[in-house]
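**Student:** sequence first, then the predicted structure:
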Amino acid sequence: MSSPRSPLALTLVRAFALLLALVSLAFTLWAGLEDRRVALAFGLLIAVGELTRWSGAEERESAPLGAAGALAYALLGENAGQATHHGAFQVVAVVVAAGLLGCVPHVARGRGPTVDHLTRRVLTVGFAAVCFQPLYNQGEFLEWGGPAYALLLVALLVLTALCDAVLAAAMAHSRTRWPFGPLLRDELRATLGIGSAVCATGAVMALAVAVVGLWALPVFSLPLLLTQLSFRRYAAVRVTYRQTIASLARATEIAGYTPAGHARRVAVLSQAVGRELGLSEPDLTVLEYAALMHDIGQLSLLDPVPAGATAVLPADEQRRIALLGGAVVRQTGVDAEVAVVVERQADPYREQPVTARIVRAVNAYEEMAREAGPGGPLTALEKLRLGTARDYQPEVVESLARVLLRGGLSLPQAG
């Protein structure tokens, strides 16, 4: 099966980054490396940062040390009191060469979105270098000293971080067609986390190398490495937590109360609808957990519901199963917000939080489409639209229809 073609906007962004990289490498090879010791030192730092990049983490910046080193080199004006003379092209060339070297092990293991990762790195570092290096080499910043020069670097790094957030959101929007606004909001929120540490470390590295020389690099790399280790452990805990919830959700399938893969399918489709509606990352996490555990109340029933289809049950029975499910979720120690979503999925939609509205509509769609045969998806959507007076929010149903249309209307697959 051939891979899907990349959207035009994403292809153009990648092509521009490739062109910038090739021009920078060609110019640097033609003109030669300026300040070779400095270039090699920063190249080694960036390569080590890429080598220590982790895959599968939820943080937007998976190689913080490489990012900080690249930004520091882009904003470097002096080395131990001596002016440096590398330009923006050399900055990009060194970052590209070191990034490619550091990505080799990841490519060999088939891990990580290397192309988009390098695209963002090249464009953001190129932006910072173009903003700083030409003006510095022309002597525009000679009179900037002390706090003013430090504030200048911080301002440039903040501007670069904002551009990176816009670029990341635009690339994600082009790739997934999710709304741009919520994607940008989540990118900006992530920038306040590890992104602020990267910017701060990049500024400190550039200032420290200007005063004490290249020995500052390993000294100021250590705190960021420790921060990266903490983020990695935090990500591992979250992965384990999600796996535990998924295992709990499979209890209804193992016991024969629901079809195989039902909870996972509802969770995946619910998240897609949540993104279409512009939910934030924290709300999407609650939505995923609630969707996985939405049927867990059926474990308290003496007789299983046929095919686990609760959408066709009387309202009182649906509410009883939902309350039983919420009680089970609370006993597992999962976030109370998840329990609230599970408890209220049988209420009239005007009384529900938006996450509960999504879970209810998606669960009903999956059940109806599975039972309706070849025309299941269209039939299920029509039934959901007929139920928008009380049971299903119209905006949620239409968002579900758009998600299904983009993915192609098809019957839910088992497993």
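**Tutor:** That came through, no problem.

**Student:** may I see the buried residues of the helix ranked longest in the chain?
**Tutor:** Using DSSP state H, we find that the single longest helix of the chain is helix 216-249. Buried residues in helix 216-249, counted by 16 or more other C-beta atoms under 10 Å: 216-217, 220-221, 224, 227-228, 231, 235, 245-246, 248-249. Using the backbone N, CA and C atoms, a C-beta is placed for each residue, glycine as well.

**Student:** list just the nearest of these to residue 103.
**Tutor:** residue 228 (16.6 Å; C-beta to C-beta).

**Student:** and the gap between that closest one and residue 276?
**Tutor:** 33 Å (C-beta to C-beta, to the nearest Å).

**Student:** which residues of the stretch 51-200 of the chain fall in helices?
**Tutor:** 64-74, 88-108, 114-137, 147-176, 180-190, 196-212 (DSSP state H, counting those that start in this stretch).

**Student:** residues in contact with the last one: which ones?
**Tutor:** Helix 196-212 is touched from outside by 38, 61, 64, 67-73, 75-81, 149-150, 153-154, 157-158, 160-161, 216-217, 219-221, 223-224, 227, with contacts defined as C-beta atoms under 8 Å, 6 or more residues apart in numbering.

**Student:** number of residues surrounding residue 31?
**Tutor:** 12 (other C-beta atoms under 10 Å).

**Student:** do the same with the one 5 residues further on
**Tutor:** Residue neighbour count, defined by other C-beta under 10 Å, stands at 11 for residue 36.

**Student:** again with the one 10 residues further on
**Tutor:** The local packing of residue 46 (other C-beta under 10 Å) involves 29 other residues.

**Student:** what sits against it?
**Tutor:** 66, 69, 70, 73, 94, 95, 98, 99, 102.

**Student:** so where's the chain uncertain?
**Tutor:** Applying pLDDT under 70 to the chain flags residues 1-6, 54-61, 111-113, 308, 372-375, 407-415.

**Student:** ok so, going back, check the contacts of residue 46 against residue 175 and report the nearest one.
**Tutor:** residue 99 (20.5 Å).

**Student:** residues contacting that closest one?
**Tutor:** Applying C-beta under 8 Å, 6+ apart, the residues near residue 99 are 46, 47, 50, 66, 70, 118, 121, 122.

**Student:** can you report how many residues lie near the last one?
**Tutor:** For residue 122, the number of neighbouring residues by other C-beta under 10 Å comes to 23.

**Student:** what do you get for the fifth one?
**Tutor:** Here the neighbour count serves as a burial measure; for residue 70 (other C-beta under 10 Å) it reads 33.

**Student:** doesn't residue 121 make contact with it?
**Tutor:** Yes: using C-beta atoms under 8 Å, residue 70 is in contact with residue 121, at 6.4 Å.

**Student:** between these two, what contacts are shared?
**Tutor:** Joint contacts of residue 70 and residue 121 (C-beta under 8 Å, 6+ apart) are 95, 99.

**Student:** now do the longest helix of the chain: distance to the chain's middle.
**Tutor:** 15 Å (C-alpha atoms, centre = their mean, to the nearest Å).

**Student:** and the next helix or strand past that helix?
**Tutor:** Counting by DSSP states H and E, the next helix or strand C-terminal to helix 216-249 is helix 251-254.

**Student:** quick one: list the elements packing against that next one.
**Tutor:** Applying 3 or more C-beta pairs under 8 Å, 6 or more residues apart in numbering; DSSP states H and E, we find helix 251-254 packed against helix 262-276.

**Student:** just the angle between the helix it packs on and helix 216-249, please?
**Tutor:** 130 degrees (axes from the mean of the first three to the mean of the last three C-alpha atoms, to 10 degrees).

**Student:** got the buried residues for helix 262-276?
**Tutor:** Result for helix 262-276 [16+ other C-beta under 10 Å]: buried residues 262-267, 269-276.

**Student:** and after it, which helix or strand comes next?
**Tutor:** helix 281-292.

**Student:** using PDB, list the CA coordinates for stretch 77-89.
**Tutor:** The C-alpha trace of stretch 77-89 is given here as PDB (Å, rounded to 0.1, in the frame of the first residue of the first chain):
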ATOM      1  CA  GLY A  77      29.000  37.000  18.800                       C
ATOM      2  CA  GLU A  78      32.100  36.400  20.800                       C
ATOM      3  CA  ASN A  79      34.300  33.500  22.100                       C
ATOM      4  CA  ALA A  80      36.300  34.400  25.300                       C
ATOM      5  CA  GLY A  81      36.200  38.100  24.400                       C
ATOM      6  CA  GLN A  82      37.200  37.600  20.800                       C
ATOM      7  CA  ALA A  83      34.700  38.400  18.100                       C
ATOM      8  CA  THR A  84      33.400  35.500  16.000                       C
ATOM      9  CA  HIS A  85      33.000  35.800  12.200                       C
ATOM     10  CA  HIS A  86      30.600  33.000  11.200                       C
ATOM     11  CA  GLY A  87      27.500  34.100   9.400                       C
ATOM     12  CA  ALA A  88      23.900  32.800   9.100                       C
ATOM     13  CA  PHE A  89      24.800  30.400   6.300                       C
END
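
**Student:** mind listing what's buried along that stretch?
**Tutor:** Buried, per 16+ other C-beta under 10 Å, within stretch 77-89: 77, 78, 79, 84, 86, 87, 88, 89.

**Student:** can I get those in a markdown table with distance to residue 395?
**Tutor:** Formatted as a markdown table, the buried residues of stretch 77-89 follow (distance: C-beta to C-beta, whole Å):
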| residue | distance to residue 395 |
| --- | --- |
| 77 | 53 |
| 78 | 56 |
| 79 | 58 |
| 84 | 56 |
| 86 | 53 |
| 87 | 52 |
| 88 | 47 |
| 89 | 49 |
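
**Student:** of these, which is the nearest to residue 139?
**Tutor:** Nearest member of the buried residues of stretch 77-89 to residue 139, counting by C-beta to C-beta, is residue 77, at 10.6 Å.

**Student:** neighbours around the closest residue to that closest one other than its chain neighbours, how many?
**Tutor:** Leaving aside its chain neighbours, residue 77 sits nearest to residue 136 (4.9 Å; criterion: C-beta to C-beta, 6 or more residues apart in numbering). Per other C-beta under 10 Å, the neighbour tally for residue 136 reads 21.

**Student:** tell me who's in contact with residue 76.
**Tutor:** Contacts of residue 76 (C-beta under 8 Å, 6+ apart): 38, 42, 84, 86, 206, 209, 210.

**Student:** backbone phi and psi for it, please?
**Tutor:** Here is the backbone geometry of residue 76 (degrees, to the nearest 10): phi -90, psi 130.
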